[in-house]
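Q: Predicted model follows, preceded by the sequence.
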Amino acid sequence: KVRELVLEVLREGTPIHPYGVYKEIRDRHHRGAYPTCRRIIRELLEEGRVRRLSVKEVEDLGLQVTSSPSGRSGWRPPIPRSYYQIK
């Protein structure tokens, strides 16, 4: 189940944005869809199982607040302004 895979990635504890979660699942399991990952993260947030980091926290950690271009020419993932971390 994709939900379990999302939790597996989040449990590693590193703050990550939804596109990063999606990429990890794609790389490891060759499955999952980006909108599904986003929906699951939103559900986990509502359940209080993950938290959204503030922009300041993200900057203090030295994480990128903008996305890097993907391999596909001309296509860029949405800018991941929100990073999430398991509680």
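A: That came through, no problem.

Q: Give me the distance between residue 59 and residue 6.
A: Noted for residue 59: a distance of 25 Å to residue 6, by Cβ to Cβ, to the nearest Å. In this view, the C-beta of every residue, glycine as well, is placed from N, C-alpha and C.

Q: Check residue 56 too.
A: According to Cβ to Cβ, residue 56 and residue 6 sit 25 Å apart.

Q: same deal with residue 39?
A: 10 Å.

Q: higher neighbour count, those two?
A: More crowded of residue 39 and residue 6, by other Cβ atoms under 10 Å: residue 6, with 26 against 15.

Q: So that one lies in a helix, does it not?
A: Yes: with DSSP: H, G, I helix; E, B strand; the rest coil as the criterion, residue 6 is part of a helix.

Q: quick one, what contacts it?
A: Applying Cβ atoms under 8 Å, 6 or more residues apart in numbering, we find residue 6 in contact with 21, 25, 37, 40, 41, 44.
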